[in-house]
Each structure stands twice: as C-alpha cells, then as structure tokens.
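[1] okay, predicted coordinates and the sequence, questions at the end:
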Amino acid sequence: MSVLRFDSVSKQYPGGHVALSEVSFDVAAGEMLFVTGHSGAGKSTLLRLVHLSERPSRGAVLFAERNLLRVRGRRVAMHRRDVGVVFQDHRLLTDRSVYENIALPLILRGMRRAEIAKRVRSALERLGLGPRERALPGQLSAGEQQRVGIARAIVAEPRLLVADEPTGNLDPTLSAEIMALFAELPDRGTSVLVASHDLALVRRMRKRVLVLDQGRLVDDIAPEDLADG
Ligand SMILES: Nc1ncnc2c1ncn2[C@@H]1O[C@H](COP(=O)(O)OP(=O)(O)OP(=O)(O)O)[C@@H](O)[C@H]1O
C-alpha cells in the first residue's frame with residue numbers, strides 16, 4: 001500500500017516562480033527515502049505540500065488514499081497528526097521545557113497524562129535527552145535542540161515523518177546517529193521522507209533517492225543503483 005502519492009504535481013508560487021513541475025512518485029508504507037537536489041530545486045516545497053503548509057497549483061497529492069485537495073479547515077489539523085515534521089530550525093517553544101515541547105503533540109490529542117509521560121520518557125531515552133528534560137531550548141546545543149525537534153515529531157508515532165535538512169547544523173557523527181534513528185522508524189510503522197542536499201550522507205544510507213532539478217523529478221534511484229563515493 002502506498003502512504004504517499006504525487007500525481008503530476010506542479011507548484012507555482014504567487015509571483016510566477018515554478019517550484020515544482022509535473023512531479024509524480026509513490027512512497028510505499030514502511031519505506032524510507034530521500035529527496036535531493038541543488039538549492040532552489042523544490043525540496044522544501046515538496047515537503048510543504050505533504051503537511052499542507054502549501055497547496056499544489058495542479059495535480060494531486062494523496063496521503064494513504066486521502067486526497068489532500070479535499071482536506072480543508074479543521075481537517076488540516078487532523079491530517080497533520082499523521083505527519084511528523086522535522087525542520088532545520090527546530091521551531092521549539094522557547095518558554096517550555098524539553099519535556100513539555102515533546103509532550104505537546106500528545107496533549108493536543110487529549111491523551112492521558114500517564115500515557116503521555118510514558119511516551120515522552122521513551123522518546124527522551126531514544127534520543128539521548130533524558131538528562132536534559134527540564135532544560136529550556138535556549139539552554140541546549142544546536143544538536144540537542146534538533147534532537148528535541150525529532151523527538152516531538154516521532155512521539156505520536158505518525159504514519160509518515162517528513163524532515164527538511166534535519167542534519168544541516170550538525171556534526172558528521174550526530175548526523176549519522178540521527179539518520180540511523182530515522183532508519184529504525186519504518187519498522188515501527190512510520191515511513192520516512194528526508195530532504196537533504198548532503199549527497200555523501202544520502203549515499204551512505206543506501207535508500208531510494210528522488211532527484212529534483214529546477215522543480216522537475218529527474219531521477220528516482222533504487223538503493224542497489226547508488227554509486228559508491
Ligand atoms: N513562498 C515562496 N514564494 C515564492 N517563491 C518561493 C517560495 N518558496 C520557495 N520559492 C521558490 O521556489 C523554488 C524552490 O524552493 P524550495 O525552498 O522548495 O527549494 P529547496 O530545494 O528546498 O532549496 P534549499 O535547499 O535552498 O532549501 C526556489 O526558487 C524558491 O526561491
């Protein structure tokens with residue numbers, strides 16, 4: 001079954017810039033893949049269409065059979081529960097602790113406190129953040145802040161995680177650790193779509209790679225066809 005399908009999707013921003021042009025691809029449930037391309041190729045735009053911060057100009061985006069064109073109003077928030085998002089700039093609440101930031105998506109779902117505590121502690125543990133749970137984001141290193149953003153995105157076990165340059169600010173060791181963590185998510189029922197221009201990192205992961213060039217999908221490379229390098 002496919003968790004995400006782009007069907008001839010084009011996106012033209014107000015002002016006329018064409019960011020995506022006739023892009024089609026399918027993501028199977030339980031798949032992890034990358035989208036890569038130069039700056040301005042359309043990677044962020046593609047991810048924004050998945051979590052509905054932008055709408056396509058033409059074509060359709062389907063999420064687990066749900067046509068996102070029809071998802072409007074209150075249903076946007078419901079859709080976003082199924083999609084975890086990791087941004088490069090974290091977007092953490094600066095006046096809330098690490099624990100509270102991670103708990104937020106679960107509080108919004110109305111989950112019971114005991115269940116929230118169990119899930120947040122497990123996410124803290126997996127991301128090595130246990131000792132920092134009471135800290136405020138401003139007291140953390142860039143890498144720690146990024147890990148809090150990732151914990152918040154995965155704590156509710158979304159069907160799909162989309163991550164936009166999630167290792168952009170991080171050193172190579174931490175980048176590799178975060179990718180290894182992402183690679184475990186499909187076994188837990190979360191598919192993963194990562195935008196990155198770090199080709200060395202992408203190659204090392206040996207996953208499918210979509211290549212965008214000036215808004216066009218110019219290649220869809222299977223893991224076994226990735227060149228070493
Ligand atoms: N809100 C917007 N309004 C107008 N043009 C935009 C907007 N957002 C992006 N663009 C343009 O669309 C194109 C694709 O941008 P996008 O951010 O999707 O690329 P990207 O591949 O993620 O680039 P980067 O790696 O630099 O983040 C760029 O030329 C950009 O200038």
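    Received, thanks. Numbering: from 1, shown residues only.
[2] contacts, neighbours, all on C-alpha from now
    Will do.
[3] where does the chain come near the ligand, residue by residue?
    Residues of the chain lying close to the ligand (CA under 6 Å from any ligand atom) are Tyr13, His17, Ala19, His38, Ser39, Gly40, Ala41, Gly42, Lys43, Ser44, Thr45.
[4] quick one: buried residues of the helix or strand encompassing the third one?
    With the criterion set as DSSP states H and E, the secondary-structure element containing Ala19 is strand 18-28. Residues Val18, Ala19, Leu20, Ser21, Val23, Ser24, Val27 are the ones in strand 18-28 that count as buried (16 or more other CA atoms under 10 Å).
[5] host element of the closest residue in space to the last one that isn't next to it in sequence?
    With CA to CA, 6 or more residues apart in numbering as the criterion, Val27 has its nearest non-adjacent residue at 5.0 Å, and that residue is Leu4. Per DSSP H and E, Leu4 falls inside strand 2-12.
[6] kindly report the same for Val211.
    Using DSSP H and E, Val211 maps to strand 208-213.
[7] mean confidence score for that strand?
    Averaged over strand 208-213, pLDDT sits at 97.
[8] name the helices or strands packed onto that strand?
    strand 32-36, strand 216-221 (3 or more CA pairs under 8 Å, 6 or more residues apart in numbering; DSSP states H and E).
[9] quick one: contacts for the one residue sitting closest to the centre of the chain?
    When CA atoms, centre = their mean is applied to the chain, the residue found nearest the centroid is Val162 (1.6 Å). Shown in contact with Val162 (CA atoms under 8 Å, 6 or more residues apart in numbering): Leu47, Val83, Gly84, Val85, Val86, Val192, Leu193, Val194, Ala195.
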